[in-house]
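J.: Just the structure for this:
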Amino acid sequence: MNRYLEKFLPYLEIEKNYSKHTVLNYKIDLEDFFKVVGDVAIEQIDYLVLRKYLAAIRSREHKPRTVARKLSSLRSLFKFLQREGYIKNNPATLLMTPKLDKKLPVFLTEEEVFKLLDAPSGDDVAGLRDRAILETLYSTGIRVSELVGLDVDAVDLISNIAKVAGKGKKERLAPIGNKATSAIREYLGKRKHKSSALFLNKNGTRLTDRSIRNIINKYIHLISLRASLSPHALRHSFATHMLNRGADLRSVQELLGHVNLSTTQIYTHMTTEKIKGVYDKAHPRA
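T.: Now for the predicted structure:
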């Protein structure tokens, strides 16, 4: 089976422009699939074999989203194999994806965000860097993976624009507010390490996604805000606050780098409380 993966995985990365993280997840899922089904020729894998695999992974009590991701890996693989002529029929076309609950993103109020942004103190390099990271995440709404991938020359501190490499290696321009650009200038003026990467660790190498999570949780605990938050909380807060203050959905979609408007629409649910508040105040019989 390895020979099929050796052809399929580069196809995902080169032709489909999938991130290395996504390709790795597909690899792990498909290796698990081949391990479960055993030594079966690819031509002999039919709908019943796939159903048995589905029953096996469900018995592990995986969450529906995990099962859905594993099914997506299988669909992509067999679609590729059929297109390349390795198999005549695609057995994965009849697989049904489990129903997924729509999880509303966790976001902070404007007051909570401002408190978090003010948490890093001191004029040392680490404090200035952390302040610049938090300000940039909230100012641009970019993903953490996009933040750690930023290079110094991708950020125009005069025009207040950053060139961001998003999902599928698609580039977009993200506006940066004055507070964030000022924080970045202060940090760059103080740091000693020379690197093309914008945000560095104490050893002078590029920060990782995990490092950003640790930085955010450090200040969350410092100001006793909440037990723990995803680094995406600032991205969710950015989108929610933009919509609350009158930004149109299409503009927010562009700023977030979403391909489909439906992905952005989840943030409209977050504004329900505001709408109810307006109704309660304005309607005479509310």
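J.: which stretches of the stretch 51-200 of the chain aren't confidently modelled?
T.: Counting by pLDDT under 70, the stretch 51-200 of the chain has low-confidence residues at 100-103, 168.
J.: Which parts of this structure are helices?
T.: Secondary structure of the chain (DSSP state H): helices at 2-14, 20-37, 47-59, 64-83, 110-117, 125-140, 144-148, 178-190, 209-222, 233-244, 249-256, 261-264, 272-282.
J.: Arg172 is nearest to which of those?
T.: Between Arg172 and the helices of the chain, the shortest gap by CB to CB is with helix 249-256, which sits at 7.4 Å. Every C-beta, even on glycine, is put in place using the N, C-alpha and C of the backbone.
J.: Tell me which residues are up against the closest one.
T.: Contacting residues not belonging to helix 249-256 are listed as 140-141, 172, 174-175, 235, 238-239, 242-243, 261, 263-265, 267-268 [CB atoms under 8 Å, 6 or more residues apart in numbering].
J.: Can you tell me which of these are classed as buried?
T.: Buried members of the contacts of helix 249-256, scored by 16 or more other CB atoms under 10 Å, are 140-141, 174, 235, 238-239, 242-243, 264, 267.
J.: Identify, from those residues, the entry nearest to Tyr86.
T.: Nearest to Tyr86 among the buried ones among the contacts of helix 249-256, with distances taken as CB to CB, is Thr264, at 37.7 Å.
J.: From Ala180, how far off is the closest residue to the closest one other than its chain neighbours?
T.: Closest residue to Thr264 apart from its sequence neighbours, by CB to CB, 6 or more residues apart in numbering: Gln253 at 4.3 Å. Taking CB to CB, to the nearest Å as the measure, Gln253 falls 21 Å from Ala180.
J.: Which one's more surrounded, the two?
T.: More neighbours surround Ala180 than the other of Gln253 and Ala180, with 25 against 19 (other CB atoms under 10 Å).
J.: Double-check that one against Glu135; I have them as touching.
T.: Yes. At 4.0 Å, Ala180 and Glu135 qualify as touching, with contact defined as CB atoms under 8 Å.
J.: hey, C-alpha coordinates of stretch 23-39 in PDB?
T.: Output of stretch 23-39 as PDB, limited to C-alpha atoms (Å, rounded to 0.1, in the frame of the first residue of the first chain):
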ATOM      1  CA  VAL A  23      -0.800  16.000   4.500                       C
ATOM      2  CA  LEU A  24       0.600  14.500   7.700                       C
ATOM      3  CA  ASN A  25      -2.900  14.000   9.100                       C
ATOM      4  CA  TYR A  26      -3.900  12.300   5.900                       C
ATOM      5  CA  LYS A  27      -0.900  10.100   6.000                       C
ATOM      6  CA  ILE A  28      -1.600   9.000   9.600                       C
ATOM      7  CA  ASP A  29      -5.300   8.300   8.800                       C
ATOM      8  CA  LEU A  30      -4.500   6.200   5.800                       C
ATOM      9  CA  GLU A  31      -1.700   4.300   7.400                       C
ATOM     10  CA  ASP A  32      -4.300   3.400  10.200                       C
ATOM     11  CA  PHE A  33      -6.800   2.400   7.500                       C
ATOM     12  CA  PHE A  34      -4.300   0.000   5.800                       C
ATOM     13  CA  LYS A  35      -3.300  -1.400   9.200                       C
ATOM     14  CA  VAL A  36      -6.900  -2.200  10.100                       C
ATOM     15  CA  VAL A  37      -7.900  -3.800   6.700                       C
ATOM     16  CA  GLY A  38      -4.700  -5.800   6.500                       C
ATOM     17  CA  ASP A  39      -3.000  -7.300   3.500                       C
END
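J.: Thanks a lot, see you next time.
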